[in-house]
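**Student:** Okay, sequence plus prediction incoming.
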Amino acid sequence: MKKPLAERGKLIVVSGPSGVGKSSLIRLCMEMRNDLCFSVSVTTRAMRTGEADGEDYFFIDDARFEQMVEDGELLEHAQYVGHSYGTPRSFVEKKQAEGINVVLDIEVQGAAQVHAMQKDAVMIFVAAPSFEELENRLRSRGTESDESVRMRLLRARQECEEATIYDYLIINDDLKTAAEELSAIITASHCRFADRESVLH
C-alpha cells in the first residue's frame with residue numbers, strides 16, 4: 001500500500017490513556033502497511049526496562065527540553081504525570097514531504113496543539129473496553145506503584161472527557177481488530193474528496 005511520492009503523507013495522531021495499548025496497536029499496524037513511520041517523541045521521564053533511546057523516545061533532560069521549546073523545534077509539547085513530552089518538528093515535515101504517513105503517539109493536550117495547527121491531521125482516540133480493564137492492564141505491567149496507577153486512572157478519565165476533538169474512536173479490546181481499524185482509517189484519509197478532486201478537472 002505504498003503511496004506515490006507526489007501525495008503528501010498524512011499526520012496520524014493517536015491518543016489514549018496510559019495502558020490502553022497504543023504502542024502495541026501502532027506497532028502491529030506498521031507491520032501491516034509499508035507507508036507508515038513512527039515519530040519518536042522526546043521526553044524528560046526516565047527510560048523503562050526494555051526501552052531504547054532513539055526508538056521508543058529520545059530521553060533528554062529538562063534543560064535540553066526547554067531549549068527545544070524556545071527554539072521552536074517541537075511541533076507540540078505537553079506535561080504528563082510530572083514529565084515533559086514533545087514531537088520534533090523537522091522529522092515529521094520531512095517524512096510527510098516524502099509521501100510517508102507519520103504516526104504520533106501523543107496525549108490529549110499535545111494533540112490539541114497539533115489539531116489547531118494542522119487541520120487535516122487524522123485524529124484517533126484509543127480506549128479500553130472499560131476503566132476496570134484499563135486498571136488491570138496498568139497493574140499487570142508491574143512498573144507502576146499504587147499511587148502511579150491512581151494518578152494514571154484519574155488522568156484517563158480527564159482525557160476521555162477531553163476527547164471531543166478526535167475524528168475516530170478505536171476500542172482496543174482485540175488488538176488485531178483494533179489494528180485493522182487503524183489501518184482502514186489511514187486508508188480512508190487518503191480518499192478524502194479534497195485530496196483527490198484534481199483528477200476530476
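**Tutor:** Happy to help now that I have it.
**Student:** only C-alpha atoms for contact and neighbour calcs from this point on.
**Tutor:** Fine.
**Student:** which residues of the protein fall in helices?
**Tutor:** For the chain, the helices defined by DSSP state H occupy 22-32, 62-70, 89-97, 108-117, 131-140, 146-161, 175-189, 193-196.
**Student:** can you tell me which of those comes nearest to residue 15?
**Tutor:** Closest of those to residue 15 is helix 108-117, at 6.3 Å (criterion: Cα to Cα).
**Student:** just the angle between that closest one and helix 146-161, please?
**Tutor:** 30 degrees (axes from the mean of the first three to the mean of the last three Cα atoms, to 10 degrees).
**Student:** what packs against helix 108-117?
**Tutor:** Under the contact criterion of 3 or more Cα pairs under 8 Å, 6 or more residues apart in numbering; DSSP states H and E, helix 108-117 touches strand 11-15, strand 74-80.
**Student:** which ones are touching residue 173?
**Tutor:** Listed by Cα atoms under 8 Å, 6 or more residues apart in numbering, the contact partners of residue 173 are 128-129.
**Student:** quick one, phi psi at it?
**Tutor:** phi -90, psi -50 (degrees, to the nearest 10).
**Student:** Give me the distance between it and residue 22.
**Tutor:** 12 Å (Cα to Cα, to the nearest Å).
**Student:** Poorly predicted segments of this structure, please.
**Tutor:** The chain contains residues with pLDDT under 70 at 1-6.
**Student:** Nearest the geometric middle of it, what residue?
**Tutor:** Closest to where the C-alpha atoms of the chain average out (Cα atoms, centre = their mean) is residue 105, at 1.7 Å.
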